[in-house]
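A.B. asks: what's the 3D shape of this:
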Amino acid sequence: MNFKYFFLIIFSLLLISQSSFAQRKKERIKLIETGENGALEKVKRGGKSVQKISGSNVIFQQENTFYYTKEAYFDKKNNQLEAIGNVRIVSDSINITGNQLFYDGKTKVAKLRGNVVLVDKQMTLYTDNLDYNIANNTADYFGGGRILDNGNVLTSKNGFYNKAEHFFHFTNDVKLVSSDATLYSNDLTYDLDSKIAKTKGETTIIGKDGEKSISQDVTHNTATKSSIFTKQKGITEDYVLTGEKTFNDEIRKFSKANINVTLTIRKDSITVMGDFGTYDKMAGIAKVWGNVLVLSKMQQDTMFLTADTLVAIDEQDNAKDKLLAYNNVKIFKSDLQGKCDSLVYNTGDSTILLYFDPILWAEESQLKADSINLKLNNKKIERLYMVENSFMITEDSIHNFNQLKGRDMTAYFKESKLHRVDVNGNGESIYFMLDEKDSVLLAMNKVICSDMVIRFAENNKIDRVSFINTPDGALIPPHEIEEPEKRLKGFRWRIEERPEREELIGIRKKGVLVSEKNR
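C.D. replies: Numbering: from 1, shown residues only. Okay, the predicted model is just below:
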């Protein structure tokens with residue numbers, strides 16, 4: 001055997017052994033001092049022989065961490081320490097106090113119990129049960145805890161703290177109170193540097209003004225007072241803007257949402273759905289656009305409205321609140337349908353104004369004018385004003401078209417059924433007279449008269465026509481009626497444009513597909 005290599009191996013093993021011994025010695029818990037009235041004795045505790053140490057300032061050390069107490073049980077053999085009374089752990093980066101400590105020097109896990117306070121820079125943690133890993137600077141608490149950080153207060157049943165990453169993970173009954181909102185969740189992470197809280201699962205946020213929202217997966221920046229929500233729903237005093245992705249700026253009082261957006265106007269029982277939306281609370285303006293569908297409850301009925309864009313304006317005077325719908329507006333109600341380019345719904349006085357080629361259908365009647373104004377009473381149609389170039393057409397049982405034309409018209413309704421129409425200025429009419437069975441044409445009555453009053457029977461058929469101020473008319477028998485005479489100038493029957501309920505609901509189905517594409 002080559003003795004040179006043999007001694008080299010032995011020498012190397014001795015160096016490794018000495019290094020390991022030095023390392024183990026460095027990692028062992030050491031008693032530094034006891035302070036005044038220090039006492040040390042050997043006692044039995046937990047079936048083991050340990051040192052009982054007491055004094056005014058008992059200090060232990062392991063590497064760069066110091067452990068302070070009034071009374072301790074030191075198991076030198078197993079490198080373990082139990083401290084009771086005024087416990088404190090101090091290192092370069094952490095300061096922890098509590099009533100009781102059990103510390104294992106091998107695992108470097110400190111278990112503190114009773115009135116535990118952990119201080120790390122501006123953050124303070126309060127709990128009764130804390131397990132702190134000295135080696136990797138992580139902590140677990142359980143049974144309830146409270147965090148104070150830069151004005152934010154976070155409480156939960158359980159929590160995990162990673163000092164290196166400077167973040168908390170809270171679970172079970174989590175509550176975050178910041179200057180702008182209170183947030184409730186069962187799973188929340190909080191970054192001490194960015195002041196950003198992120199939740200998983202259902203999350204409830206109550207704003208400083210009492211507004212409440214329930215969401216999925218929230219990112220809340222407590223510094224900028226802004227939030228990002230997923231699939232938010234909620235309850236507020238006036239408006240609720242929700243969507244699969246929602247952003248909220250609490251300072252500017254501004255929210256925006258996209259993908260399956262819903263705007264709820266609680267006080268008017270109105271729901272607006274679309275692809276995108278914003279809500280500016282300070283200005284009192286909410287906007288939804290992209291495949292918009294509006295649902296408005298009207299007693300036992302629902303009004304459906306579609307448009308490219310809808311704007312809700314909330315005035316200080318509630319009587320001036322309004323909804324604006326524009327571009328490709330369509331309306332469906334069981335007793336009324338219509339379309340136009342732009343619409344204004346004054347919720348305060350229950351009026352609906354239709355502009356730019358407005359047209360309405362009420363049962364068998366078609367109503368057209370340059371602008372139309374609907375007056376509602378208890379969410380039922382009470383009156384309809386047609387302004388400039390008014391034209392009304394009603395189809396009878398054998399497909400003749402009774403026609404009224406004038407400058408302005410006012411239509412009156414009873415229980416949502418057409419009851420009377422007043423023609424004011426430049427009145428013209430064509431009326432086809434039928435037999436008692438409504439199956440045979442008897443004559444066509446054609447009249448020109450400045451003003452007229454037309455009354456309708458309960459079956460929506462013309463019952464009586466009153467002509468005011470010297471009418472000029474003719475009663476034409478069927479065999480003398482020529483085709484051009486059957487139509488007033490400007491006649492246009494547009495029944496193929498009449499909106500249907502399924503058509504309007506389909507707008508949102510189209511919107512969902514658009515939203516899916518934009519994910």
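A.B. asks: quick check: residue 504 is in a helix.
C.D. replies: Yes. Inclusion of residue 504 in a helix is indicated when DSSP: H, G, I helix; E, B strand; the rest coil is applied.
A.B. asks: separation between it and residue 498?
C.D. replies: 12 Å (CB to CB, to the nearest Å). The C-beta positions use only the backbone N, C-alpha and C, and glycine is treated the same way.
A.B. asks: between the two, which has more neighbouring residues?
C.D. replies: Comparing residue 504 with residue 498 by neighbour count (other CB atoms under 10 Å), the higher total belongs to residue 504, at 20 against 16.
A.B. asks: can you confirm residue 292 is in a helix?
C.D. replies: No. Using three-state DSSP, the secondary structure at residue 292 is strand, not a helix.
A.B. asks: for the closest residue to residue 497 other than its chain neighbours, list the residues it contacts.
C.D. replies: Leaving aside its chain neighbours, residue 497 sits nearest to residue 339 (6.3 Å; criterion: CB to CB, 6 or more residues apart in numbering). Neighbour list for residue 339: 329, 330, 331, 358, 359, 497, 499 [criterion: CB atoms under 8 Å, 6 or more residues apart in numbering].
A.B. asks: buried subset of the residues you listed as a PyMOL selection?
C.D. replies: Applying 16 or more other CB atoms under 10 Å to these leaves a buried subset, and the PyMOL line that selects it is:
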select buried, resi 329+330+331+358+359+499
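A.B. asks: would you turn the contacts of residue 339 into a markdown table with pLDDT, distance to residue 444 and secondary structure?
C.D. replies: Below are the contacts of residue 339 laid out as a markdown table (pLDDT from 0 to 100; distance: CB to CB, whole Å; DSSP: H, G, I helix; E, B strand; the rest coil):
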| residue | pLDDT | distance to residue 444 | secondary structure |
| --- | --- | --- | --- |
| 329 | 93 | 36 | strand |
| 330 | 94 | 34 | strand |
| 331 | 92 | 33 | strand |
| 358 | 95 | 29 | coil |
| 359 | 95 | 25 | strand |
| 497 | 94 | 27 | helix |
| 499 | 93 | 31 | coil |
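A.B. asks: please, where are all the strands along the stretch 351-500 of the chain?
C.D. replies: Secondary structure of the stretch 351-500 of the chain (DSSP state E, counting those that start in this stretch): strands located at 351-355, 359-362, 365-368, 371-377, 380-395, 401-414, 417-424, 428-434, 441-448, 451-456, 462-468, 472-476.
A.B. asks: give the pairing partners of the host helix or strand of residue 272; include direction for each.
C.D. replies: Taking DSSP states H and E as the criterion, residue 272 maps to strand 270-280. Using DSSP bridges, the strands paired with strand 270-280 in its sheet are strand 254-265 (antiparallel), strand 285-298 (antiparallel).
A.B. asks: give the buried residues for the helix or strand that the longest one is followed by.
C.D. replies: To tie it back to what came earlier, the one meant is strand 285-298. Sequence order places strand 301-313 as the next helix or strand after strand 285-298, per DSSP H and E. For strand 301-313, a neighbour-count test (16+ other CB under 10 Å) marks 303, 304, 305, 306, 307, 309, 310, 311, 312, 313 as buried.
A.B. asks: ok, stretch 94-101 next?
C.D. replies: In terms of neighbour count (16+ other CB under 10 Å), stretch 94-101 has its buried residues at 94, 96, 97, 98, 100, 101.
A.B. asks: next one: stretch 262-277
C.D. replies: Neighbour counts over stretch 262-277 (16+ other CB under 10 Å) mark 262-265, 268, 270-277 as buried.
A.B. asks: all strands of the stretch 51-200 of the chain, in order?
C.D. replies: So, for the stretch 51-200 of the chain - with DSSP E, counting those that start in this stretch - the strands run 65-75, 80-90, 95-104, 109-120, 123-133, 138-141, 145-149, 152-156, 158-162, 167-177, 181-191, 196-199.
A.B. asks: show the average pLDDT along the first one.
C.D. replies: Averaged across strand 65-75, the pLDDT comes to 94.
A.B. asks: dump it to PDB, restricted to CA.
C.D. replies: Taking Å, rounded to 0.1, in the frame of the first residue of the first chain, the C-alpha atoms of strand 65-75 are listed here in PDB:
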ATOM      1  CA  THR A  65     -30.200  35.300  16.200                       C
ATOM      2  CA  PHE A  66     -30.700  36.200  19.900                       C
ATOM      3  CA  TYR A  67     -33.400  34.800  22.300                       C
ATOM      4  CA  TYR A  68     -34.400  36.800  25.400                       C
ATOM      5  CA  THR A  69     -36.500  35.600  28.300                       C
ATOM      6  CA  LYS A  70     -36.900  35.600  32.100                       C
ATOM      7  CA  GLU A  71     -36.900  31.800  32.500                       C
ATOM      8  CA  ALA A  72     -35.700  29.000  30.200                       C
ATOM      9  CA  TYR A  73     -35.300  25.300  30.100                       C
ATOM     10  CA  PHE A  74     -32.300  24.500  28.000                       C
ATOM     11  CA  ASP A  75     -31.700  21.000  26.600                       C
END
